[in-house]
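>>> model the structure of this input:
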Amino acid sequence: MRHRLTRRELLGRGAGLAGAALGAVAATPGLSPAWLISRGRLGGPAAAAAQSALGRWVTRASLPFARTEVSVAALGGKMYLLGGYAHGRVDQPFNQEYDPAADRWRDLAPMPRGLNHVGVIGVNGRIYAFGGFIQQNRNAIADAFEYDVAANRWRMIRSLPAKRGAMSVAELAGKLHLVGGRDETSVGAHDVYDPATDTWAQRAPLPEGRDHLGLVIVAGRIHAIGGRFNTFANNTNLHHVYDHQTDSWQTRAPLPTPRSGVAAALLAGRIFVFGGETTGKVFSENEAYNPATDRWTVMASMRTARHGTGAAVLGNTVYIAGGGLTVGGSQPSTANEAFSLS
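Reported below is the predicted structural model:
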C-alpha cells in the first residue's frame, strides 16, 4: 500500500531539497543564489532559503535632507553623518545623529569647518575627523578634530603629517590607522594616530596607493579593499591585508566587482562591501568576503544604489544613509537603509 506523505513530511523533504540545491549552487563555479534567483532559475523552497541566506534590507527614517560624500561613524549604538555635499554646496559642516531605537535623526554641533571626504571613526566616546577636501574632491587639508559626543563639543587635535582626503580609517589596539587617500593624486600613505598622546607614526604604506577604498578590521588585521587610482575611470579590485606585528601587507582574493566610493563593514565575521561608482554607473552590489576561506559571495543588493557614503554597524545590523544616486555629486540622497542577515 502506497504511503501518503503528511504535510510535515512534505515540508521536511522540501527543506532537504532546498539545502541540496543550495549546496549544488555553492559548489558550482560562477553561480550564486542571487544570480539564479534574478534569472528565475531557482524557485520554491530553494529560492526562499537562498533569499534568506543573502540577507535582507529594510527602509528606515530618511535623512532630514539629501546629502552625499558624507563621512560615517558608529558610536554608542548610534550613527553619525559628517560633512559632505548638501543644499548645493560641497563644504558643509553638518553633524547629524541617527538613533535606530527611536528611528529618528537629530542635529548636533557642526564640524569646525565644512569639508567633504573626511576620514572619520568613533572610539571611546569620541569621533575623530581627519583631513578632507574644501572643494569638490580636491584641495585637501591636514586639519584633524575630536568630537566629544557627551559634551557635544569639538576641539582641534594634532594635524595629519600631510594634507589628504578620501582616506579610510580603522581602529586597532587603541590606535587609529589612516590608509590611502589623495592629495593631488592617489597615495598609499599609512599614518597611525595615538589619541592618548596626540602623536603620529608612520607604518608600511599600502602597496598600491589608492583612494575611496573600504577599510575593515578582522581578527587584528586591516583589510583594504577596492578603491581607485585618481579617478573612478581607474577603479580596482585589489584586496590587501595588513599585519601590524610584521608591519607588512599581503594580497587576498580580489573584490569581484571593481569599484570605488564604497561602504564597507564587518558583520558576523564577514566583510561586506556595498555600493560604489564607476564611469556612467552607480552600484547596488553587495559582496561579502569570508576571511576563513578567502572567498567572496554575492549577497542581497542594496535597495537604492549609492556611492559617497559609509556603513555603520549597530548591533547585528548595517546602516547606510545618504550618498550619491548618480556618478559624481549632483544628486544626493535621503535614503537610509538597513541590512541584516536575519
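
>>> tell me where the stretch 1-150 of the chain is predicted with low confidence.
Within the stretch 1-150 of the chain, the stretches falling below the threshold (pLDDT under 70) are 1-51.

>>> could you rerun that using 80?
Within the stretch 1-150 of the chain, the segments meeting pLDDT under 80 span 1-52.

>>> state the mean pLDDT of stretch 250-263.
Computed over stretch 250-263, the mean pLDDT rounds to 98.

>>> also stretch 205-222?
97.

>>> got the buried residues for it?
Residues 206, 208-218, 221-222 are the ones in stretch 205-222 that count as buried (16 or more other C-beta atoms under 10 Å). C-beta coordinates here come from the backbone N, C-alpha and C atoms, glycine included.

>>> cool, stretch 64-83 as well?
Within stretch 64-83, the residues scored as buried using 16+ other C-beta under 10 Å are 66-75, 78-83.

>>> ends of that stretch, what's the gap?
14 Å (C-alpha to C-alpha, to the nearest Å).

>>> same check on stretch 78-88?
By C-alpha to C-alpha, one end of stretch 78-88 lies 27 Å from the other end.

>>> gap between that stretch and the chain center?
15 Å (C-alpha atoms, centre = their mean, to the nearest Å).

>>> how near is G88 to A66?
Separation of G88 from A66 (C-beta to C-beta, to the nearest Å) stands at 11 Å.

>>> related to what we said a few turns ago, mind checking which of the buried residues of stretch 205-222 land in helices?
When DSSP state H defines the helices, the subset of these inside them is empty.

>>> name the nearest of the buried residues of stretch 64-83 relative to R104.
Of all these, R104 sits closest to K78, with 10.3 Å by C-beta to C-beta.

>>> so S52 lies in a helix, does it not?
Yes - counting by DSSP: H, G, I helix; E, B strand; the rest coil, S52 is found in a helix.

>>> then stretch 291-298 to PDB, C-alphas only?
Provided in PDB are the C-alpha atoms of stretch 291-298 (Å, rounded to 0.1, in the frame of the first residue of the first chain):
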ATOM      1  CA  PRO A 291      38.500  35.600   5.800                       C
ATOM      2  CA  ALA A 292      38.500  31.900   6.800                       C
ATOM      3  CA  THR A 293      38.100  30.700   3.200                       C
ATOM      4  CA  ASP A 294      39.400  33.700   1.300                       C
ATOM      5  CA  ARG A 295      36.300  33.700  -0.900                       C
ATOM      6  CA  TRP A 296      33.600  36.200  -1.900                       C
ATOM      7  CA  THR A 297      29.800  35.700  -2.100                       C
ATOM      8  CA  VAL A 298      27.200  37.800  -3.800                       C
END
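
>>> show residues contacting that stretch.
Contacts with stretch 291-298, where a contact means C-beta atoms under 8 Å, 6 or more residues apart in numbering, come from 32-35, 54, 218-219, 223, 252-253, 255-256, 269-271, 285-290.

>>> and those residues, which of them are buried?
32-34, 54, 218, 223, 252, 255-256, 270-271, 285-289.

>>> what about the contacts of stretch 291-298, which are in strands?
Taking DSSP state E as the definition of strands, these contribute 218, 223, 270-271, 286-290.

>>> coming back round to it: what's the most distant pair in the buried residues of stretch 64-83?
In terms of C-beta to C-beta, those reach their longest pairwise distance at A66 and L75, which sit 23.6 Å apart.

>>> and the closest residue to Q250 other than its chain neighbours, what pLDDT?
Counting by C-beta to C-beta, 6 or more residues apart in numbering, Q250 lies nearest to V241, which is 5.6 Å off, once chain neighbours are set aside. Per-residue confidence for V241 comes out at a pLDDT of 98.

>>> what count of nearby residues applies to V241?
As a burial measure, V241 scores 19 neighbours (other C-beta atoms under 10 Å).

>>> and it, which helix or strand is it part of?
In this structure, V241 is located in strand 239-243 according to DSSP states H and E.

>>> show me what counts as buried in that strand.
Judged by neighbour count (16+ other C-beta under 10 Å), strand 239-243 contains these buried residues: 239-242.

>>> could you do stretch 226-235 as well?
For stretch 226-235, the neighbour count (16+ other C-beta under 10 Å) marks 226-229, 232, 235 as buried.

>>> repeat for stretch 266-277
Neighbour-count burial for stretch 266-277, with 16+ other C-beta under 10 Å as criterion, is recorded at 266-267, 270-277.

>>> endpoints of that stretch, how far apart?
Looking at stretch 266-277, the gap from its leading to its trailing residue is 21 Å under the measure C-alpha to C-alpha.

>>> same thing with stretch 211-219?
End-to-end distance of stretch 211-219: 24 Å, with C-alpha to C-alpha as the criterion.

>>> list the contacts of A219.
With contact taken as C-beta under 8 Å, 6+ apart, A219 is in contact with P291.

>>> again with the one 4 residues further on
The neighbours of H223, taking C-beta under 8 Å, 6+ apart as the test, are 214-217, 239-242, 252, 271, 289, 291.

>>> who's the closest spatial neighbour of R106, skipping the chain neighbours?
Nearest non-adjacent residue to R106 (C-beta to C-beta, 6+ apart): E97, at 5.4 Å.
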